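got a sequence here, can you model it:
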Amino acid sequence: MTSEGEPAMQEEKQEEQREEQQDATQDQELFARIVGHIGEFVERDVSYLTPQSHISTSIEGMSSLKMIELLLYLEDCFSVDFDESVMEKLETMQDLESYVREAQDVSAQQA
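As a prediction, this is how the structure comes out:
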């Protein structure tokens, strides 16, 4: 015996899955854009970077000063602001991607 609500629940579940897939695609696109801009900044191939890569150790020559310069460059590329307190918390590429995504979401909501 099936209830009348099952088709609606299945549709809702499918919609959630589509949204999750769309979010995952957007995350991959954002990550690729970040990696591309980092490559432009350091003027070398950094396509080996993964979300788990540590920014300071995975990118050759990334000193604390270079990291600040990189974040200033990324601010221009993505129209976001990196607060000084956040800079210390950005250890991995995933941290960086999450911050950029959240900052862009806040900017979009304010617009």
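
give me phi/psi at residue 54?
Backbone dihedrals for residue 54, given as degrees, to the nearest 10, come out at phi -80, psi 130.

okay, it: pLDDT?
Model confidence at residue 54, given as pLDDT, is 95.

and it, how far is that from residue 90?
10 Å (Cβ to Cβ, to the nearest Å). C-betas here are computed from N, CA, C, even on glycine.

look at those two and report which has more neighbours.
Per other Cβ atoms under 10 Å, whichever of residue 54 and residue 90 has more neighbours is residue 90, with 20 against 13.

so the more buried one: helix, strand or coil?
Under DSSP: H, G, I helix; E, B strand; the rest coil, residue 90 falls in the coil class.

please name the residues that touch residue 82.
71-72, 74-75, 90, 99 (Cβ atoms under 8 Å, 6 or more residues apart in numbering).

actually residue 78, not the one I typed
Taking Cβ under 8 Å, 6+ apart as the test, what residue 78 contacts is 33, 37, 100, 103-104.

now residue 103. Nearest residue, chain neighbours left out?
Counting by Cβ to Cβ, 6 or more residues apart in numbering, residue 80 is the residue found nearest to residue 103 once chain neighbours are left out, at 3.8 Å.

helix, strand, or coil at the one you found?
Looking at residue 80 with three-state DSSP, the answer is coil.

dead centre of the protein: give me the residue that sits there.
In the chain, the residue lying closest to the centroid (Cα atoms, centre = their mean) is residue 97, at 2.2 Å.

residues touching the closest residue to it other than its chain neighbours, list them.
Setting aside the residues directly before and after it, residue 97 is nearest to residue 31 in space (Cβ to Cβ, 6+ apart), at 5.2 Å. Residue 31 sits next to 51, 93, 97 when contact means Cβ under 8 Å, 6+ apart.

which of those residues lies closest to residue 59?
Closest approach between these and residue 59, by Cβ to Cβ: residue 93, at 9.4 Å.

tell me, how many residues neighbour the closest one?
Residue 93 has 22 nearby residues by other Cβ under 10 Å.
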